[in-house]
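>>> One predicted model, sequence on top.
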Amino acid sequence: MTTASASSAAPNQPDPAAASQAASTAREPRLKHFPVAFFAIVMGLTGVSIAWHKAQSTFGIPVDMAGGLLGVAIAVFAFALLLYLVKLLRFPQAVMKELGNPVQLNFVPTISISLLLLSIALLDSAPAVAQVLWMLGTAIHLVLTIYVMSAWMHQEHFEVHHINPAWFIPIVGNVLVPIAGVPLGYAELSWFFFSIGMLFWLVLLTIIIYRMLFHHPLPERLMPTLFILIAPPAVGFIAYARLSGLMEAGSPDAFARILYYSGLFLTLLLATQIGRFLRIQFYLSWWAYSFPLAAITIATLMMYELTGLQTFAIIGWVLLAAVTLVVLFLLFRTAQAIGAKQICMPHV
């Protein structure tokens, strides 16, 4: 008892050990703490670019918003990839620490997901580049999915409160594969990835609902990840439309409707809690708002094309405006946070 008390500061008094640790951390290069979650920005930017591309073709919008957003997304991806590769070379132990963290581990596949999203965005304008990006993204994502799921299966320190909607990130990547995979001619491989995504979406959804209902609420930093709940059904709808040829058939089937309306309900549920989200301090995890909103926007515009119902056109416009404003606001807040040196900080 005396040993333990000697190493702890008394209440309301500075802890010399903690102060020394903080001073040591402050002297570390910021690159060491460059977060892999930075690639979530690429996901958001590319997602809203694809949403605008869809809106431009659906409504005949003459302004090319998609091209400008895609250019920004490519620049951010190149910047993030360069920094993360330098971090890997200079601070490999910091990268390994991310791979062993039960929360940060799930953001590592944002790298391969970024490649897959860029391949979708470039599919019409640069199909050869899109194919290279798709093949790279698909191969890397399979490796990362196996790595992450192996870590889940053989871990010794994960507890139920560690699970959060960010665990869906590796799963969503699998569902993304068919969107460019089918038009590129890889239909059977696309079904393989789609099946993985759908299977583990249902498994994880059950565990996460259990965790939220019967354990402590999510920490504030991870509250924005609740929006990731929208992504699996919304992206699943888009991928299923590709795999089953819904757009050519001109009508959604029962499974497509279940996927779409599941995503739409989750969007409505989270929209009713906007007051809670507005009170949260800014973290990089705020980018979790962007990609799922872009996905449900694209799915809604596809439902409008499939059914011709004006209701979907109205919802699509509302969602498109919302996700555009959200991304612009996130860019502003991220730039502010970078300027204030709040991004590359040790994970706590």
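Yep, that arrived. Numbering: from 1, shown residues only.
>>> Quick check: the gap between residue 293 and residue 68.
19 Å (CB to CB, to the nearest Å). From N, CA and C alone the C-beta is placed, and that goes for glycine too.
>>> neighbour-wise, which of these two wins?
Neighbours were counted for residue 293 and for residue 68 using other CB atoms under 10 Å; residue 293 has more, 28 against 12.
>>> Where does the more buried one sit: helix, strand or coil?
With DSSP: H, G, I helix; E, B strand; the rest coil as the basis, residue 293 sits in helix.
>>> helix or strand for residue 112, which one?
helix 110-121 (DSSP states H and E).
>>> same question for that helix, mean pLDDT?
Mean per-residue pLDDT for helix 110-121: 96.
>>> same for the next helix or strand after it, what does it pack against?
Per DSSP H and E, the first helix or strand lying C-terminal to helix 110-121 is helix 127-154. Contacts defined by 3 or more CB pairs under 8 Å, 6 or more residues apart in numbering; DSSP states H and E place helix 127-154 against helix 92-100, helix 110-121, helix 169-181, helix 187-214.
>>> what angle sits between helix 127-154 and helix 92-100?
70 degrees (axes from the mean of the first three to the mean of the last three CA atoms, to 10 degrees).
>>> which regions of this protein lie under the pLDDT threshold?
Along the chain, the model assigns pLDDT under 70 to residues 1-27, 347-348.
>>> Out of the helices and strands packed on helix 127-154, which is closest to residue 64?
Of all these, helix 110-121 sits nearest to residue 64, with 12.7 Å by CB to CB.
>>> could you dump that closest one to CSV, C-alpha only?
Listed next in CSV are the C-alpha coordinates belonging to helix 110-121 (Å, rounded to 0.1, in the frame of the first residue of the first chain):
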residue,chain,number,x,y,z
THR,A,110,-9.5,3.4,-44.4
ILE,A,111,-6.4,3.3,-46.6
SER,A,112,-7.7,0.5,-48.8
ILE,A,113,-11.2,1.9,-48.7
SER,A,114,-9.8,5.2,-50.0
LEU,A,115,-8.3,3.4,-53.0
LEU,A,116,-11.6,1.6,-53.7
LEU,A,117,-13.6,4.9,-53.5
LEU,A,118,-11.1,6.7,-55.8
SER,A,119,-11.5,3.8,-58.3
ILE,A,120,-15.3,4.3,-58.2
ALA,A,121,-14.9,8.1,-58.7
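>>> quick one: contacts of that helix?
36-37, 39-40, 42-43, 46-47, 49-50, 53, 66, 70, 73-74, 77, 81, 84, 130-131, 133-134, 136-138, 140-141, 144, 169, 172-173, 176-177, 179-180 (CB atoms under 8 Å, 6 or more residues apart in numbering).
>>> now swap in stretch 249-267 and tell me
Contacts for stretch 249-267 (CB under 8 Å, 6+ apart): 229-231, 233-234, 236-237, 240-241, 244, 246, 292-293, 295-296, 299-300, 303, 306-307, 315, 319.
>>> Next: stretch 139-154.
99-100, 105-106, 108-109, 111-113, 115-116, 158, 170, 173-174, 177, 193, 196, 200.
>>> The same query, at a cut-off of 10 Å, please.
99-100, 102, 105-106, 108-113, 115-116, 158, 163, 167, 169-171, 173-174, 176-177, 189, 192-193, 196-197, 200, 204 (CB atoms under 10 Å, 6 or more residues apart in numbering).
>>> Now, of those residues, which are buried?
102, 105-106, 108-113, 115-116, 163, 167, 169-171, 173-174, 176-177, 189, 193, 196-197, 200, 204 (16 or more other CB atoms under 10 Å).
>>> hmm, back to that, can you select the buried ones from the contacts of helix 110-121 in ChimeraX?
Entered in ChimeraX, the line below selects the buried ones among the contacts of helix 110-121, by 16+ other CB under 10 Å:
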select :36,37,39,40,42,43,46,47,49,50,53,66,70,73,74,77,81,84,130,131,133,134,137,138,140,141,144,169,172,173,176,177,179,180
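>>> is it true that residue 201 touches residue 171?
Yes. The pair residue 201 / residue 171 is scored as a contact, 5.4 Å apart, by CB atoms under 10 Å.
>>> Quick check: residue 301 touching residue 314?
No. In terms of CB under 10 Å, residue 301 does not count as a neighbour of residue 314; the distance is 11.4 Å.
>>> Settle it for me: which of these two has more neighbours?
Taking neighbours as other CB under 10 Å, residue 301 and residue 314 compare with residue 301 leading, 23 against 12.
>>> Could you pick out the longest helix of this protein?
Assignment by DSSP state H gives helix 310-339 as the longest helix of the chain.
>>> Which strands and helices lie in contact with it?
Other elements packing on helix 310-339 under the criterion 3 or more CB pairs under 10 Å, 6 or more residues apart in numbering; DSSP states H and E are helix 39-59, helix 65-90, helix 254-271, helix 290-307.
>>> make it 8 Å
helix 39-59, helix 290-307.
>>> distance between that helix and the chain's centre?
15 Å (CA atoms, centre = their mean, to the nearest Å).
>>> For stretch 102-120, measure first residue to last.
29 Å (CA to CA, to the nearest Å).
>>> ok now the helix holding residue 112, how far from the chain's centre?
Worked out by CA atoms, centre = their mean, helix 110-121 lies 11 Å from the chain centre.
>>> and that helix with helix 39-59, angle?
20 degrees.
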